[in-house]
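> Build me a structure from this.
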Amino acid sequence: MAVLQHVLGGFQAMSAWEYLAVSLSVAYMLLAMRQSAWCWVAGGLSTLIYTILFFNGALLMESLLNFFYLAMAVYGWMQWRRGQMLGAESNSTQEYVLPVSSWSLPQNITLISITTAVSLGVGFIMDNYTYADFAYLDALTTCFGIVATYLLTQKILENWLYWVVIDALSIYLYVCKGYFPTVVLFCFYTVLAAVNYYQWQKSMRACSAVNS
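Next up, the predicted model:
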């Protein structure tokens, strides 16, 4: 009951801008499921709001991280909306849709190893030279979040698996910090990330069947 009261109280304390940012984040996930480039518009607007909110709240590192996500939203939009001339024989032009692709196991292992090493280094600095709580876990979710965002801009299927793990670890972090409304939201994000992986996998298989 106490936890439920904390959750409800947290949602009641959220500002209109926070609600708008959350709504845009959900729209971003749903549009990404459909591989719509408009997901980057929703994500970019949500990130812009969070960047301003965190900056005004003196959470400078969080604000800087969201500024990076804003830049990636612009890059992602450009990647997903780029055009390519096709049908040279018929002199017709059609939009090129960036296809979903998958990385091999060795590629993912290499990426995980490098990102983990960087995370440990960042975590060590934060743990020894700042007052950060859960320094290593915070560094891990942040570094992998940056990597997963880049993979998403390239439509790499495994990005959603990374997000499932990142969101799940973030849930633990937010529970420990008592951010219960955020816990509820990230539970929803975790489920959506898993669904998006399933949907993108189906899309990739369907595209492979057509091209084979």
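> May I see the buried residues of the longest helix seen in the chain?
If you go by DSSP state H, the chain has its longest helix at helix 180-211. Judged by neighbour count (16 or more other C-beta atoms under 10 Å), helix 180-211 contains these buried residues: 180-183, 185-186, 189-190, 192-193, 196-197, 199-200, 203-204. (Each C-beta comes from the backbone N, C-alpha and C, glycine too.)
> Closest one to residue 128 out of those residues, please.
Nearest to residue 128 among these is residue 182, at 27.0 Å by C-beta to C-beta.
> how about the nearest residue to that closest one, chain neighbours excluded?
residue 174 (4.7 Å; C-beta to C-beta, 6 or more residues apart in numbering).
> again with residue 197
residue 160 (3.6 Å).
> which among the buried residues of helix 180-211 gets closest to residue 170?
Using C-beta to C-beta, the buried residues of helix 180-211 come closest to residue 170 at residue 186, 5.3 Å.
> Test my guess that that closest one contacts residue 169.
No - assessed by C-beta atoms under 8 Å, residue 186 is found out of contact with residue 169, at 9.6 Å.
> what's in contact with the helix or strand harbouring residue 149?
Assigned by DSSP states H and E, residue 149 belongs to helix 135-153. Residues outside helix 135-153 that contact it (C-beta atoms under 8 Å, 6 or more residues apart in numbering): 32, 65, 68-69, 72, 75-76, 79-80, 111, 115-116, 118-120, 122-124, 126-127, 132, 158-159, 162-163, 165-166, 169-170, 172-173.
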